[in-house]
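In: I'll drop the sequence and a predicted model, then ask my questions.
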Amino acid sequence: MIDLSWLAQTGPCKKYSSGQRITCPSGSEREMYILLTGIVDVYRASAAGGSQMVGSYLPGDIFGGREFFTEVYDCAYTAGADSVVYVISENSFDELSWSKPEILFEVLRAAYSPLKKISASQKTAMLVATQEPAAELKVVEQRKTPPDKQAVITASVILPEKPVEVGIFPEGHKHYPGVTKPEFARLVFPKDYDCPLCKKPFRDFRVFRSKLYESSPMRFDLRRFYTDFQTEWYDVITCHNCLFSTFHNYFTEHKPIQKVKVESALADARSSLHIDFEEERNVDFVFTSHYLALLCADGYLSLGRQIRAKLWGSLSWLYEDVGDKEMEVFSAGKAAQAYEAVYAETHLTPTQEQVTCLSIAGMQFRAGVDRSLKKFIFTAKTMKMGDKTYAKLAEDFMYELRGESED
């Protein structure tokens, strides 16, 4: 029997929400999976057209092996409940074979065995079990990967060993007293908002976008620089009543929020934070609003992926501005992983794909990691129907990397 707890603790793992498609990549990116928690349903094309479910996998089952070894892709896999899988890639296959040969035997046997059928009662029992917190799932979500190991693209990002998140701030986050930007005030104006969570009105600020002038070209990680202003200081709005926080456009264009996912966490934040909205805005307030927004992103379901990625990117720029290199690198790495999740799990237009690929590559570069960095740049450069601006930025980025490698 495969030791699922060992797999959960060592990883790499990916988490899939109920109904989410699990794609077996082809070519040099091939993967197969061992199901740790949840259920995976298997579909095949039917003679009458469309597809039909032909079986399901339970924890401990191995799937994707046929595709991995033979590159025959005639099945589709979908999470029948919230599920966590252990990922076996081409890169990790040999290492796993040496460290756990008994798993290799099970993998090979599963790849060439008939699909296992489970009864309706078995599936019902498993669905009921998934409604309660599973020990394996908790291990996967809290698992940390040492900095010298590659982290996997995952919906719930796997963090480096340090810093470790405590409360709404990560360990290593500091206070930066005295950092204010009074010159920014002339480029914002007061605006009335209604909180999408507590529904109460409050007054905050909005940026005069029409009055912004770029002081230098957009950087390779898509950061924009403006004369006497940085938008990160005002992009996130925090409700003065309940502390619900997110980007300003989601205060004006309300999106559905799962309140149960954020209300308890915000109550804890209100008991431990003191925010004076009447004081002059400083960088500590800006950091606090961003970390509150990360907490609130869980309420936006699939949209939360994009929100988290953008927030971590902004945080990396804020840490860059205050000269905290350690936290800049940490948050850039988190941004890269979050954008990787967006790329893997979201339908994107060509231009959106360019932006996402450049964000991944730019943040990886700033974090000092390389998970197919050049591949993402090349994708942005050669994207059909994409935006020429981003294609040119990708080309310039590519030349910059070549120059560094020659030095």
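Out: That came through, no problem. Numbering: from 1, shown residues only.
In: Show me how far stretch 68-81 is from its chain's centre.
Out: 23 Å (C-alpha atoms, centre = their mean, to the nearest Å).
In: Can you get me the start-to-end distance on it?
Out: Terminal residues of stretch 68-81 are spaced 24 Å apart (C-alpha to C-alpha, to the nearest Å).
In: Could you give me the buried positions within it?
Out: Using 16 or more other C-beta atoms under 10 Å as the test for burial, stretch 68-81 gives Phe68, Cys75, Ala76, Tyr77, Thr78, Ala79, Gly80, Ala81. Yep, even glycine has a C-beta here, placed from its N, CA and C like the rest.
In: can you pull the contacts of the second one?
Out: Residues in contact with Cys75 (C-beta atoms under 8 Å, 6 or more residues apart in numbering) are Val42, Tyr43, Arg44, Val54, Arg66, Glu67.
In: May I have the predicted confidence score for it?
Out: Here, the pLDDT recorded for Cys75 equals 81.
In: how much space between it and Glu171?
Out: 43 Å (C-beta to C-beta, to the nearest Å).
In: same question, the fifth one
Out: As defined by C-beta to C-beta, Thr78 lies at a distance of 37 Å from Glu171.
In: now do the fourth one
Out: Applying C-beta to C-beta, one obtains 37 Å for the distance of Tyr77 from Glu171.
In: What is the neighbour count of His274?
Out: When neighbours are counted by other C-beta atoms under 10 Å, His274 registers 5.
In: Helix, strand or coil: sort out it for me.
Out: Classification of His274 using DSSP: H, G, I helix; E, B strand; the rest coil returns coil.
In: pLDDT at it, what is it?
Out: 83.
In: Same check on Trp98?
Out: 68.
In: try Leu58
Out: With respect to pLDDT, Leu58 has a value of 86.
In: How about the one 10 residues further on?
Out: Here the pLDDT value assigned to Phe68 is 80.
In: Show the backbone phi and psi for Gln9.
Out: Backbone geometry at Gln9, expressed as degrees, to the nearest 10, gives phi -80, psi -30.
In: How many residues are close by it?
Out: Neighbour number of Gln9 under other C-beta under 10 Å is 14.
In: Any regions of the stretch 301-407 of the chain where pLDDT drops low?
Out: 404-407 (pLDDT under 70).
In: now the helices for it?
Out: 303-322, 325-345, 350-367, 373-382, 388-406 (DSSP state H, counting those that start in this stretch).
In: Using a markdown table, lay out the ones you listed together with distance to Pro201 and mean neighbour count.
Out: Below are the helices of the stretch 301-407 of the chain laid out as a markdown table (distance: least, C-beta to C-beta, whole Å; neighbours: other C-beta atoms under 10 Å):
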| stretch | distance to Pro201 | mean neighbour count |
| --- | --- | --- |
| helix 303-322 | 23 | 22 |
| helix 325-345 | 32 | 23 |
| helix 350-367 | 33 | 23 |
| helix 373-382 | 42 | 20 |
| helix 388-406 | 39 | 14 |
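In: Val207 is nearest to which of those helices?
Out: helix 303-322 (13.7 Å; C-beta to C-beta).
In: Mind giving me the packing neighbours of the closest one?
Out: Contacts defined by 3 or more C-beta pairs under 8 Å, 6 or more residues apart in numbering; DSSP states H and E place helix 303-322 against strand 245-247, helix 283-296, helix 325-345, helix 350-367.
In: hmm, back to that, and of the helices of the stretch 301-407 of the chain, who's closest to Asn91?
Out: helix 373-382 (14.2 Å).
In: Quick check: chain neighbours aside, which residue is closest to the residue nearest the centre of the chain?
Out: Nearest residue to the geometric centre of the chain (C-alpha atoms, centre = their mean): Ala338, 2.6 Å. Nearest residue to Ala338, sequence neighbours excluded (C-beta to C-beta, 6 or more residues apart in numbering): Ala309, at 3.7 Å.
In: if I look at that neighbour, how far off is Thr78?
Out: Computed as C-beta to C-beta, the Ala309 to Thr78 distance reads 24 Å.
In: One more: Ala8?
Out: From Ala8 to Thr78 the distance is 22 Å (C-beta to C-beta).
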